[in-house]
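Novice: only geometry, no sequence info:
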């Protein structure tokens, strides 16, 4: 199931490249690497937060989203960055 999640994350990032959200990457190995980083944060952020806090607050969830965006931001197109504003 986790392997499928990683494959789906890589497919999502490839779709983001095709849709113009992420720029075309010169190094073809970067999409799988970004997928692993993105997937690791998505998969393990909540359990990590639950180790520290008994009740997960919305701002902690937002922190996980912010981490994922930090991974993706350097690869986003100017148009996508402008929409994030």
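Specialist: Ah, there it is. Computed from a predicted structure; not experimentally measured.
Novice: C-alpha only now, for contacts and for neighbours.
Specialist: Fine.
Novice: buried sites along the strand or helix carrying residue 5?
Specialist: Assessed by DSSP states H and E, residue 5 sits inside helix 2-18. Across helix 2-18, burial judged by 16 or more other Cα atoms under 10 Å covers 6, 9-10, 13-14, 17.
Novice: looking at those residues, which is nearest residue 33?
Specialist: Using Cα to Cα, residue 10 comes nearest to residue 33 of the buried residues of helix 2-18, at 8.8 Å.
Novice: for the closest one, which non-adjacent residue is spatially closest?
Specialist: Distance criterion Cα to Cα, 6 or more residues apart in numbering; nearest residue to residue 10, sequence neighbours excluded, is residue 35 at 4.9 Å.
Novice: next one: the helix or strand containing the one you found to chain centre, how far?
Specialist: Element membership for residue 35, per DSSP H and E: helix 30-52. Here helix 30-52 is found 8 Å from its chain centre; the criterion is Cα atoms, centre = their mean, to the nearest Å.
Novice: packing partners for the helix or strand that comes right after that helix?
Specialist: Once helix 30-52 ends, the next helix or strand along the chain (criterion: DSSP H and E) is helix 58-72. Packing partners of helix 58-72 (3 or more Cα pairs under 8 Å, 6 or more residues apart in numbering; DSSP states H and E): helix 30-52.
Novice: from residue 48, how far off is the residue located most distally from the centre of the chain?
Specialist: Most distant from the centre of the chain: residue 54, at 25.0 Å, with distances by Cα atoms, centre = their mean. Distance, residue 54 to residue 48, by Cα to Cα, to the nearest Å: 11 Å.
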